[in-house]
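[1] using only what follows, build the 3D model:
(6 chains)
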Protein chains: 6
Amino acid sequence: MMRSRLSHMADTIRLSDVSDMEPAGDGEEVVQCDLADEAAVHDLVKDCDGIVHFGGVSVEQPFDPICAANIRGVYNIYEAARAHGMPRILFASSNHTIGYYTQDQHLGVDDPMKPDGLYGVSKCFGEAMASMYHSKFGQETAIVRIGSCFPEPKNHRMLATWFSPDDFVALIECVFRASRIGCPIVWGVSDNEEQWWDNSAARFLGWRPKDSSARFRDKVDAEHKRPPADDPNAVYQGGAFTAEPIHRD
Amino acid sequence: MMRSRLSHMADTIRLSDVSDMEPAGDGEEVVQCDLADEAAVHDLVKDCDGIVHFGGVSVEQPFDPICAANIRGVYNIYEAARAHGMPRILFASSNHTIGYYTQDQHLGVDDPMKPDGLYGVSKCFGEAMASMYHSKFGQETAIVRIGSCFPEPKNHRMLATWFSPDDFVALIECVFRASRIGCPIVWGVSDNEEQWWDNSAARFLGWRPKDSSARFRDKVDAEHKRPPADDPNAVYQGGAFTAEPIHRD
Amino acid sequence: MMRSRLSHMADTIRLSDVSDMEPAGDGEEVVQCDLADEAAVHDLVKDCDGIVHFGGVSVEQPFDPICAANIRGVYNIYEAARAHGMPRILFASSNHTIGYYTQDQHLGVDDPMKPDGLYGVSKCFGEAMASMYHSKFGQETAIVRIGSCFPEPKNHRMLATWFSPDDFVALIECVFRASRIGCPIVWGVSDNEEQWWDNSAARFLGWRPKDSSARFRDKVDAEHKRPPADDPNAVYQGGAFTAEPIHRD
Amino acid sequence: MMRSRLSHMADTIRLSDVSDMEPAGDGEEVVQCDLADEAAVHDLVKDCDGIVHFGGVSVEQPFDPICAANIRGVYNIYEAARAHGMPRILFASSNHTIGYYTQDQHLGVDDPMKPDGLYGVSKCFGEAMASMYHSKFGQETAIVRIGSCFPEPKNHRMLATWFSPDDFVALIECVFRASRIGCPIVWGVSDNEEQWWDNSAARFLGWRPKDSSARFRDKVDAEHKRPPADDPNAVYQGGAFTAEPIHRD
Amino acid sequence: MMRSRLSHMADTIRLSDVSDMEPAGDGEEVVQCDLADEAAVHDLVKDCDGIVHFGGVSVEQPFDPICAANIRGVYNIYEAARAHGMPRILFASSNHTIGYYTQDQHLGVDDPMKPDGLYGVSKCFGEAMASMYHSKFGQETAIVRIGSCFPEPKNHRMLATWFSPDDFVALIECVFRASRIGCPIVWGVSDNEEQWWDNSAARFLGWRPKDSSARFRDKVDAEHKRPPADDPNAVYQGGAFTAEPIHRD
Amino acid sequence: MMRSRLSHMADTIRLSDVSDMEPAGDGEEVVQCDLADEAAVHDLVKDCDGIVHFGGVSVEQPFDPICAANIRGVYNIYEAARAHGMPRILFASSNHTIGYYTQDQHLGVDDPMKPDGLYGVSKCFGEAMASMYHSKFGQETAIVRIGSCFPEPKNHRMLATWFSPDDFVALIECVFRASRIGCPIVWGVSDNEEQWWDNSAARFLGWRPKDSSARFRDKVDAEHKRPPADDPNAVYQGGAFTAEPIHRD
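    Numbers count the residues shown, from 1 in each chain, chains lettered A, B, ... in the order given. Predicted coordinates:
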């Protein structure tokens, strides 16, 4: 979804996935890469001026794949960046780092984490790694706690968490435009009517979301029943992830 | 150091290390165990009424041993506890989760983490894991951010961070005495004259440290020069850990 | 003022007042009811899917009528709701719960109450009752601290406190639309240029006021002199209520 | 329990209860009085230099007696004080104004109330009344949120909430000694090892509790089983009050 | 720049500078005045209904001129105002009172000052003076911490700090329109996309900035290189002032 | 009072006053110096390893002497320190920087200043100067907001503000003992029963006051009437200073 939207931001976009990808188009390089493979990650990062790190596991899975991609993978990315000039990183963190807060709580970026599963815990790890590389080496990272980045909200919870692709692209532009960003946490969410998260700490980046989920409200209402009051999708910010078990395999 | 001090707290103490240990004495079981070995950890945890988890790497090391013992090892401990009745856990976290705060900052338990190395990052991971198992399953953990637990303070920084073994034992007693603890963070530090950390959030446990590093001040002054003002031991709460590189092997 | 504006929200609106009301129209039931009459309140609440509780005394009065309508009356409403399926309640609280804050103070919902008379104290009581029924039974209430709900602002203070009827209706819709609301406090105020109250804690409801008192500024200026600097209408958020005596009869 | 302890604080102590009391001793007056009887309360308050208001219902009861003694009674006390020179009042509020906080939460005096029953709600009302009379008339009140004032702690929860009679007397002395107190909230609790409440906002009164429940710990352990983890006495600050129903008669 | 924009706000505008000024136009008086000259300042202030105090040194200079104009000058202004009916004052303070905060910090008005030079220190002095005259005498001052008030932003930092002259005029109107303002601190900054400062505490004034620096972004990008990451203009809120030495003459 | 108490802290103590002083004893140098005389201050500071800056005006006076000693004098001290190796400074600030807070308020070091006269404003200036020299040059200062440093408390207010000379000496020892202090604010007050100020932010210095005014309570009660409730000594933290006029000469 992002592939075509980022092409204007660089002469060459190096794309990577652990799986097969569509062939490189103009201004693209395509690199298949397992994030747990240190040497491969170093090759991937080499010569990059900036890194948008969406890689890794993004749903609840067993510990092994999460550990490989989101723990070891993040270590590999940061070591590779350190070896190759410390290009600025946008790290795709997640609302699942705070998924066990209830939906009637209003959070700032300094509230303690409350991850809602192994995936959320791995993102807490990634945020800690970003913080440490910033303190120790000056490596800059924008930690973006993504809500729900889809073309449109797919259920009632996403009326609050929807992050439009256009707003995300605008954020990426701000992150790589600034002279200096430090290591901020940014809530990756559009200007929806429902709001759980206070982004004022990230306002120095100059980013203001412009989309709102409101125009999809009728469609969501038509296609989905409102969840009952005790449904994880109505109780917790992390929604259904809070109801996931620990996947044993 | 703790082995003899905990014997009064249970009929049987099951001791474990990855290395060889002295043979079991009265009321002791000795189990050699690699924390990265899931089956071994399940055996270790089975039938325990409570877990004091001091295991794992406790200094800055390369990623592989830290990942094995402190990442995978913590996952193994929590899964083993979940499989075996969820005995209460005391998790030895560390001041290195917040090591990049300067020594003139006064911290509460809700201040954001600032780990000072891979070891500190692994402890942030452990704290996130404890939080998640508490939210999802009700597993209780006392997260103890240990300062410097030695018979006596070994340098000037430790005048602030010293955690006397007696105070630690008293904290362990409080943790396992209470009807219900939830998942609190406790600063593991004695009642030293220098104080960086506010423990009021943990006062519900009924623990009050009784020792102070003050009686060792003259000895420390006699044996060590005060660090210069720009020495990591004078600047950062994490001390020399902040000056450690990433160990590559 | 609200009667006609709520008709689209239910098949039947049951209206109630202690005084005579205009006869029921289409989709209306009219029930005369003294809130201090427990049995009458139970009949009133029975079979309701939701309760918009505007009843009771809304100005400074002697203790007896306030106690009857706003103390006993609130108890009766909550007991009746508990007996009849706990329909969600919108409770009309008031800025007079915090009326003794000065107008240059910016308040969140967690700031301590500072009621400005017996009426304000009775609303503090109502908020405490709502909190207790939520904690004990799960009864949900939206506590709306109404500013000045009139067709238009009637003096200079109301340029800050004006709550347009349309914005109020939109809030009511949000309150009864959500799957789960808990027991939030919402400042009932439009998007006026002057703002004393921070509504971010209620943003999860998806309500955003759209009106502003600004379009009435010239009219207010033309019809009223600005209050002098030591006038209660210029000093306190509660305005003239702070200057009211205790009414003895 | 307090009767004999207060005799040194005034030439004459006027004692009052709704029930029969033991006859007046030296320096005592005894006045039987129903707090809901306005004229009687005015007579009771007349000529007093200070009021220690322990009267009213102090346990969970039906609404009618609570309303009579703790709602109307408080109104009567404040109106009587206003009519008779506004003698300083010590108002016995209660931890049941915040009883639904869990025992692992550390509270300041500005945290929102969370009453645990009709009794707790009536004490929230009393605190609001005290605040209003202070703002409107300058009437001073020390609002003392009493923990558990008994000769000794009677169960495990009271190890945290115990308020020794001696500490209470010392607090009363401080309250009536100061030139000016305003309208502070004070946690009425001794210097127990377990602490849920932060009294720093009341330190200007010069009161420091000297007793600790620790010397009763062994006795409590011997006489009572620790409550299970899900027992209201282990979960909530208000203890068993949270498990009380609404008493209907 | 402001001279023509304020003419509608009073029948007569009395303008003053230490240097020669253009002759008085309609509705203007022109008074040359050295702020360090107490008698001259008293004459200047006499008969004014309001004071917009932009006078003094506004850049980093040696101590003597700053002390004369911004220290002694401010004392003279406040004493003159006290002698002449205490007309409301708008005091032009500066972002250089907090210039050593980094640009990724989000400030409220209560954050401690961090001045970035003698000029900033003199403005801290002025704010303290305003506070004292308010507490002691009721003198009202709007303390406006001006960002960068120019026709348009002149470099990248000013995209965040730009305060459009129109927004400033609108703020002045609000300040002198209100019945009562007390002694608030207001961040003097437009509604730019980049935001470092939270103005919610000043919202009671009814002022909302309407301009944004965004329309000048392309022009700034065309005319200036982005500052490098370690340039004071990229690091500190006070920008280049932080790199100024103490001017010795 | 301090002269004899500091002799053990250095081989040579250089003492200075604007007035005549007693001749130098062993290990003393005596230098008469007007703080407004820049050259003299440079001579005074030269070769010092540390500066305890008690100089200047310490009561409410007209602007001219305060400006000379406390404004220009502070500038001179900091410039002299910068020219001579930046010896650590202990700056005697004052509770009169926050004198208009009422005595029932509990302050941290980050609460905004509220000076109570020209003297207090000059101390705010000094604190701002200390902050600026720390940010710009790394000059370290311990800003000590002295309560009432006398051999014993002289009135009822001083039961709260008393700072025993012994506690002050102990603080000075801690300030000059530490490897690195930064620029902290410390409340200069003993461990009195009445407490208005929270010193936890300064606990990293290792200083704990040991004296208490309590042993003088009976004496104060015997010699002084308690101030009435509306006396500045009962209302404001700054006491009688708040009732001082601006001294015109």
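
[2] ok but residue A:93 is inside a helix, no?
    No - applying DSSP: H, G, I helix; E, B strand; the rest coil, one finds residue A:93 to be strand, outside a helix.

[3] for it, give its distance to residue A:147.
    11 Å (C-beta to C-beta, to the nearest Å). C-beta: built from backbone N, CA, C; applies to glycine.

[4] now the spatially most central residue of chain A: closest residue in space, sequence neighbours ignored.
    Residue closest to the average C-alpha location in chain A (C-alpha atoms, centre = their mean): residue A:92, at 2.5 Å. Nearest non-adjacent residue to residue A:92, counting by C-beta to C-beta, 6 or more residues apart in numbering or on different chains: residue A:54, 4.7 Å away.

[5] what about that neighbour, distance to chain C?
    Using C-beta to the nearest C-beta, to the nearest Å, residue A:54 is found at 27 Å from chain C.

[6] for residue A:163, same thing?
    16 Å.

[7] OK, contacts around that residue?
    A:146-149, A:188-190, A:209 (C-beta atoms under 8 Å, 6 or more residues apart in numbering or on different chains).

[8] how much space between it and chain F?
    In terms of C-beta to the nearest C-beta, residue A:163 sits 35 Å off from chain F.

[9] repeat for residue A:154
    Look at residue A:154 and chain F: by C-beta to the nearest C-beta, they are 45 Å apart.

[10] count the residues that sit near that residue.
    Neighbour count for residue A:154, taken as other C-beta atoms under 10 Å in any protein chain shown: 14.

[11] excluding chain neighbours, what is closest to whichever residue of chain A sits closest to chain F?
    In chain A, the residue that lies nearest chain F is residue A:110 (15.6 Å; C-beta to the nearest C-beta). Of all residues not flanking residue A:110 in the chain, residue B:112 sits nearest, at 5.3 Å (C-beta to C-beta, 6+ apart).

[12] is chain C within reach of stretch A:176-194?
    Yes - contact of stretch A:176-194 with chain C (C-beta under 8 Å from any C-beta of the partner chain) involves A:192-194.

[13] show me how far stretch A:51-59 is from its chain's centre.
    7 Å (C-alpha atoms, centre = their mean, to the nearest Å).

[14] ends of that stretch, how far apart?
    Stretch A:51-59 has an end-to-end distance of 21 Å (C-alpha to C-alpha, to the nearest Å).

[15] pull out the buried residues from it.
    For stretch A:51-59, burial by neighbour count (16 or more other C-beta atoms under 10 Å in any protein chain shown) applies to A:51-53, A:55-58.

[16] for residue C:103, see how far away the nearest residue to residue A:232 once chain neighbours are set aside is.
    With C-beta to C-beta, 6+ apart as the criterion, residue A:232 has its nearest non-adjacent residue at 4.4 Å, and that residue is residue A:243. Distance, residue A:243 to residue C:103, using C-beta to C-beta: 47 Å.

[17] out of the two, which sits in the more crowded spot?
    The neighbour comparison of residue A:243 against residue C:103 (other C-beta under 10 Å) goes to residue C:103, with 23 against 16.

[18] from what I see, the more buried one and residue E:180 are in contact.
    Yes - between residue C:103 and residue E:180 there is a contact under C-beta atoms under 8 Å: 7.0 Å.

[19] determine the residues that are contacts of both of these two.
    In terms of C-beta under 8 Å, 6+ apart, residue C:103 and residue E:180 are both contacted by the residues C:234-235.

[20] stretch A:164-183: how far from the chain's middle?
    Per C-alpha atoms, centre = their mean, the centroid offset for stretch A:164-183 relative to its chain is 12 Å.

[21] that one near chain B at all?
    No - under the criterion of C-beta under 8 Å from any C-beta, stretch A:164-183 makes no contact with chain B; the nearest approach is 9.9 Å.

[22] wait, does that stretch contact chain E?
    Yes - judged by C-beta under 8 Å from any C-beta, stretch A:164-183 comes into contact with chain E at A:177, A:179-182.

[23] so residue A:201 belongs to a helix, correct?
    Yes - if the criterion is three-state DSSP, then residue A:201 is within a helix.
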